[in-house]
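[1] Got a predicted structure plus its sequence, pasted below:
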Amino acid sequence: MFDLRQDLSGLWQAATRVTPRSGGRVLMFISAREGEGVSSVAASFALMASARAARMSWLVDLDLRENPLYAAFSKGVLKGVGRPGHPLDASLGTEQIYTVHGSENTPAMSKLLTAHQIDGLRLLVTRFRNERLQPGQRLRMQAAPAWWDVLRRSADWAIVDAPALSRSAAGLTFAPLADGVVLIVQADGTGADEVDDLRTAVETSGGRVIGVVMNRFRSGPPPRGKSRNGA
């Protein structure tokens with residue numbers, strides 16, 4: 001994951017012109033394929049939001065099985081950025097953005113999503129407690145509009161990192177609930193047809209595409225001697 005904050009000023013200006021439905025803004029980032037840099041852009045934008053917002057900002061990771069954003073912050077991947085703190089209940093006292101199948105609908109199953117404040121920042125990153133699932137239990141995402149409504153009332157920004165469409169349709173479930181969707185494209189690898197297909201999929205689901213970020217770096221480490229930043 002790379003720190004792309006210095007390259008996202010144009011996106012920030014465009015995003016701040018988007019009128020939220022109510023309360024804080026919800027902005028989703030998604031790509032057609034894996035490895036196009038969605039997490040780098042989403043995390044960098046969330047850091048920008050947390051520095052400018054009066055209230056807390058959230059970084060919502062829809063990859064519940066892997067929790068890559070929480071893992072990256074925990075490892076200190078972004079230089080000079082603090083680590084996640086102790087877990088806070090992210091259920092928000094309402095319906096959840098997931099259901100657990102293969103188990104009874106117990107209160108414990110509604111407490112699996114946590115939020116962790118990044119040290120020194122007004123930023124919370126989510127984590128799903130996979131270790132509490134039992135063998136045979138499986139997850140399914142659900143839109144849960146009430147959860148997003150509560151989140152909007154407590155945060156200025158909710159930045160959503162969606163899995164690549166080639167891997168999961170989770171992003172399409174939540175796209176209609178976002179104020180805007182930003183497509184992330186690998187500048188030297190993603191074809192125009194793939195971008196058009198992704199845009200069509202998002203818009204068909206009810207989402208609103210507000211822009212495209214051309215990312216110049218892949219998800220792995222940068223080449224020796226090259227700058228990390230570019231988008």
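    Thanks, I have it. Numbers count the residues shown, from 1 in each chain.
[2] Kindly list the longest helix within this structure.
    When the chain is parsed with DSSP state H, its longest helix is helix 38-52.
[3] residues of that one that come out buried?
    Buried positions in helix 38-52, judged by neighbour count with 16 or more other Cβ atoms under 10 Å: 38-50. For every residue, glycine as well, the C-beta is placed using N, CA and C.
[4] Just give me how far that helix sits from the chain centre.
    9 Å (Cα atoms, centre = their mean, to the nearest Å).
[5] returning to that earlier point: which one among the buried residues of helix 38-52 gets closest to residue 163?
    Taking Cβ to Cβ as the measure, residue 38 is the one of the buried residues of helix 38-52 closest to residue 163, at 8.2 Å.
[6] can you tell me which residues contact the closest one?
    Each residue near residue 38 by Cβ atoms under 8 Å, 6 or more residues apart in numbering is listed here: 29-31, 161-162, 164, 184.
[7] The same query, at a cut-off of 6 Å, please.
    Residue 38 makes contact with 29, 31, 161, 184, according to Cβ atoms under 6 Å, 6 or more residues apart in numbering.
[8] Of the buried residues of helix 38-52, which pair is most distant in space?
    If you compare every pair in the buried residues of helix 38-52 using Cβ to Cβ, the most distant one turns out to be 38 and 50, at 18.4 Å.
[9] what's the next secondary structure element after the longest helix of the chain?
    Going down the chain from helix 38-52, the next helix or strand is strand 56-61, by DSSP states H and E.
[10] So in that sheet, which strands flank that following strand, and in what orientation?
    Partners of strand 56-61 in the sheet, by DSSP bridges, are strand 123-128 (parallel), strand 155-161 (parallel).
[11] Distance-wise, check the residue sitting nearest the centre point of the chain relative to residue 125.
    Closest residue to the average C-alpha location of the chain: residue 161 at 2.0 Å, with Cα atoms, centre = their mean. Here residue 161 is placed at a distance of 10 Å from residue 125 (Cβ to Cβ, to the nearest Å).
[12] Quick check, pLDDT for residue 110.
    Here the pLDDT value assigned to residue 110 is 80.
[13] Is residue 93 in a helix, a strand, or coil?
    coil (DSSP: H, G, I helix; E, B strand; the rest coil).
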